[in-house]
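Student: show me how the following folds:
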Amino acid sequence: MSTWLSEREERLVDGAEKLDFQSPVPTQIVSNGEYLPPPQSPIQKKVEDRIKELADDNSKFLGMTRREYLMTNCGMAAAFIAMNEVYGGGVFQVDPAEARDPEMTKVRADSLAGQFIFDDQTHFLRDDFSHEEITGLGEFAAEHWNPVLKEEGISLTRYKFENYIRELWFNSDTKMSLLSGAPFDDPTWYLLYNNQIMDACDTVNDFVGGTRMLGHAV
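Tutor: The predicted structure follows:
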């Protein structure tokens, strides 16, 4: 992944994936490599501490470790509860019971299955893209987020049109997407050319008989 931080700035930060406490939601600002993130604020620390308290109590109730708990829907509910308590305003619609009742979180998830989800930045690789180095993104994801990727294997095929369709339209609740490319100084690194972006949009939209994909020229 690219970074615009100077060497001095890089020495001031560390990867968020190395944090001892892996919260369901970030409890401090995390940079994407384009800016130097500020330190965790006192109020953000309060949110983090409250999530830990809820996780400790509820993980014991459910008979699992805190780390396991934080990876569940109940753990996500606990994070929403903590933010509502600390920040106020009741922004997140969550029942306190959801933090320790997996069945309630399933009911919540099922009730939201039909909601409109617009993924506004999606990518896939053109068929003749041959730079294997880009699979490093998948390897990072497998290491830190989705270990199933290791079992399935990571190759350029995973990044191309057929798998894009499978993961975005068949294995998720996405209703609409925006397809984009990424420009490079070396044209052989272009993910897609603009005409290929529009061709893909036309293919999907013609198939479904409506507008489900938009294209972003670069």
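
Student: show me where this structure has its helices.
Tutor: Listed in chain order, the helices of the chain (DSSP state H) span 7-12, 42-62, 66-70, 73-87, 102-111, 136-144, 148-152, 161-165, 194-208.

Student: nearest to Val25, of those helices?
Tutor: Comparing these by their distance to Val25 (Cβ to Cβ), the top pick is helix 73-87, with 4.8 Å. Where you see a C-beta, it was placed from the backbone N, CA and C, and this is true even at glycine.

Student: what comes up buried for stretch 55-69?
Tutor: Neighbour-count burial for stretch 55-69, counted by 16 or more other Cβ atoms under 10 Å, picks out 55, 58-59, 62, 64, 66, 69.

Student: dump these into TSV; add pLDDT as well.
Tutor: Output for the buried residues of stretch 55-69, formatted as TSV (pLDDT from 0 to 100):
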residue	pLDDT
Ala55	98
Asn58	98
Ser59	97
Leu62	97
Met64	97
Arg66	96
Tyr69	97
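
Student: show me which of the residues you listed is closest to Asp95.
Tutor: Asn58 (13.3 Å).

Student: excluding sequence neighbours, find me the nearest residue to that closest one.
Tutor: Leaving aside its sequence neighbours, Asn58 sits nearest to Arg100 (Cβ to Cβ, 6 or more residues apart in numbering; 4.4 Å).

Student: can you get me a residue count around that neighbour?
Tutor: 19 (other Cβ atoms under 10 Å).

Student: and if you look at Asp101?
Tutor: Other residues close to Asp101 by other Cβ under 10 Å number 18.

Student: tell me the contacts of it?
Tutor: Applying Cβ atoms under 8 Å, 6 or more residues apart in numbering, we find Asp101 in contact with Cys74.

Student: per-residue pLDDT, it?
Tutor: Per-residue confidence (pLDDT) for Asp101: 97.

Student: just Met1 next, same as before
Tutor: 49.

Student: for Ala79, same thing?
Tutor: 98.

Student: looks like it contacts Ile51 (just checking).
Tutor: Yes: contact status for Ala79 versus Ile51: in contact at 5.4 Å, counting by Cβ atoms under 8 Å.

Student: give the residues shared as contacts by those two.
Tutor: 23-24.

Student: may I see the buried residues of stretch 189-203?
Tutor: For stretch 189-203, by 16+ other Cβ under 10 Å, it's 190-192, 196-198, 200-201.

Student: and that stretch, how far out from the chain middle?
Tutor: 23 Å (Cα atoms, centre = their mean, to the nearest Å).

Student: other residues contacting it?
Tutor: Against stretch 189-203 from outside (Cβ under 8 Å, 6+ apart): 123-126, 129, 131, 161, 179-184, 213-218.

Student: kindly report the same for stretch 136-149.
Tutor: 1, 17, 150, 154, 158-159.

Student: ok, back up a step: PyMOL command for the buried members of the contacts of stretch 189-203?
Tutor: Only the buried entries of the contacts of stretch 189-203 go into this PyMOL selection, using 16+ other Cβ under 10 Å:
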select buried, resi 124+125+126+129+161+179+180+181+213+214+215
